[in-house]
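using only what follows, build the 3D model:
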Amino acid sequence: MSKREHFVKRLLIANLLIVFAMSAAASRLAEASKDHKAFAALSARLSEPGGHFDSDNLISNETSYLHVLGRVREIGTSGGVYIGVGPDQSFSYIAKIRPRMAIMIDIRRDNLLQHLIFKAMFARAENRLEYLCLFFGKPFPKTKGWEQRDVKDLADYIDVTPSDPKLFEKTAKMIREDIQEFGIAVSESELETIEQIQRAFYSQGLDIRYSSHHRPPRNIYPTYRDLLLERDLSGKRENYFNSEDDFQFLKKLQEKDMIVPVVGDLSGSHAVKAIGKYTKEIKEKVSAFYVSNVEFYLHRQGSFGSFIDNLKSLPIDDRSLIIRSYFNYYAPPHPQAEPNHFSTQLLQRIEDLIKQCEAGDCESYNDIVTKNSIPLHSPAALRQ
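Okay, here's the model as predicted:
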């Protein structure tokens, strides 16, 4: 090859590299400048006026939340649209079910605000540990390889690493600025609520617990650390922070605006039906509906029948599941209660719940949570 040919070849390679770099930069810029209009519009379309619930509900109080995962896998529930209440306990279900999209519905608008915090942190964090550091005001580690560590190592890092007040203030301010770019209108008072949520995690760290308004946290409720380190019934840690792959799946859904927070009452006249209509429009099925223990309150206030009517509006199949929680202070312990757990996680096919109630077998809350409940230990219960 002559010197001229060699020069031309090097120039061509250099030009190609410039083109690739410009293309990558343009792609990142397009992602960064995404206006989220469809995301905000969908949230508004599906939402209804919010209501009150006697809890800040910043984290779950269900130590049993992972106990259903083995049976969910055996049933083959996957894809579709996931619906769930509450803050981030749903993320562990989403990471395993791998839906096309998730809709987070809660009667409290504060829950929507908290999900906007999650969305902003997923955007800023490259990996699980960076996310937790952003959450708790900790500096990123200087060492590499954290993507291969398990959740216990991540929790230990957060525990032993001193918080940095200036870093927290800077990060919290950026997160609030990011939230205002998502297209969902947030008032000044709601920005103050977001700041209060951020400070609760910063000040309490992994010791933060679920609490009710005007009452101190109860020791029977788990800390956030406890929830991170919980195990499924096979003894495996399955929280979404235990797997970098699970975390990255959630991060990608967030980047695509496919985790949509909605304000709604499960027995209300609009939100659940609107979710059903939208799910049909995109030609999907509801794969799972995590309701926590909301059914207890709906039954107590006499609106459980309206919830069932709402369920009838959802497109489902025989693998569409209700994931619910039962707390053993309601009555004697649930037949599926696990030792050393105050909560009991339960599964039921949505179609079975609808048929059960149509047959008049939903007169009591005990009927709702026991009849047709899928045993989590017995494979004989699975219907092929």
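
got any ranges where this protein has weak pLDDT?
Scanning the chain for pLDDT under 70 picks out the ranges 1-33, 52-56, 212-218, 330-331, 378-384.

one more time with 90, if that's ok
Along the chain, segments meeting pLDDT under 90 span 1-35, 50-57, 210-221, 328-333, 377-384.

how about the strands of it, start to end?
Here the chain has its strands, by DSSP state E, at 81-84, 101-106, 259-263, 286-292, 321-327, 343-349.

pairing partners for the last one, with directions?
Just to be clear, that refers to strand 343-349. strand 321-327 (antiparallel) (DSSP bridges).

could you dump the strands of the chain to CSV with distance to residue 304 and mean neighbour count?
Using the backbone N, CA and C atoms, a C-beta is placed for each residue, glycine as well. Below are the strands of the chain laid out as CSV (distance: least, Cβ to Cβ, whole Å; neighbours: other Cβ atoms under 10 Å):
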stretch, distance to residue 304, mean neighbour count
strand 81-84, 17, 26
strand 101-106, 17, 26
strand 259-263, 20, 24
strand 286-292, 11, 25
strand 321-327, 12, 24
strand 343-349, 14, 23
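
got the ones you listed as TSV, with distance to residue 181 columns?
Putting those into TSV (distance: least, Cβ to Cβ, whole Å) gives the following:
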stretch	distance to residue 181
strand 81-84	25
strand 101-106	19
strand 259-263	15
strand 286-292	28
strand 321-327	32
strand 343-349	36
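
so which of those is nearest residue 122?
strand 259-263 (8.6 Å; Cβ to Cβ).

what does the closest one rub up against?
Applying Cβ atoms under 8 Å, 6 or more residues apart in numbering, the contact partners of strand 259-263 are 39, 42-43, 46-50, 94, 101-109, 111-112, 115-116, 118-119, 184, 250, 253, 271, 275.

how near is residue 194 to residue 186?
Residue 194 sits 7 Å away from residue 186, going by Cβ to Cβ, to the nearest Å.

ok, which of the strands of the chain comes nearest residue 125?
Short answer: strand 259-263, nearest of the strands of the chain by Cβ to Cβ, at 14.8 Å.

what's the burial count for residue 219?
8 (other Cβ atoms under 10 Å).

and residue 320, by the same measure?
Residue 320: 21 neighbours (other Cβ under 10 Å).

ok, it touching residue 285?
Yes. At 6.2 Å, residue 320 and residue 285 qualify as touching, with contact defined as Cβ atoms under 8 Å.

anything in contact with each of the two?
Common contacts of residue 320 and residue 285 (Cβ under 8 Å, 6+ apart): residue 80.

for burial, what's the neighbour tally of residue 177?
By the measure other Cβ under 10 Å, the count of residues near residue 177 is 11.

isn't residue 171 up against residue 134?
Yes. Counting by Cβ under 8 Å, residue 171 does reach residue 134; the two are 5.5 Å apart.
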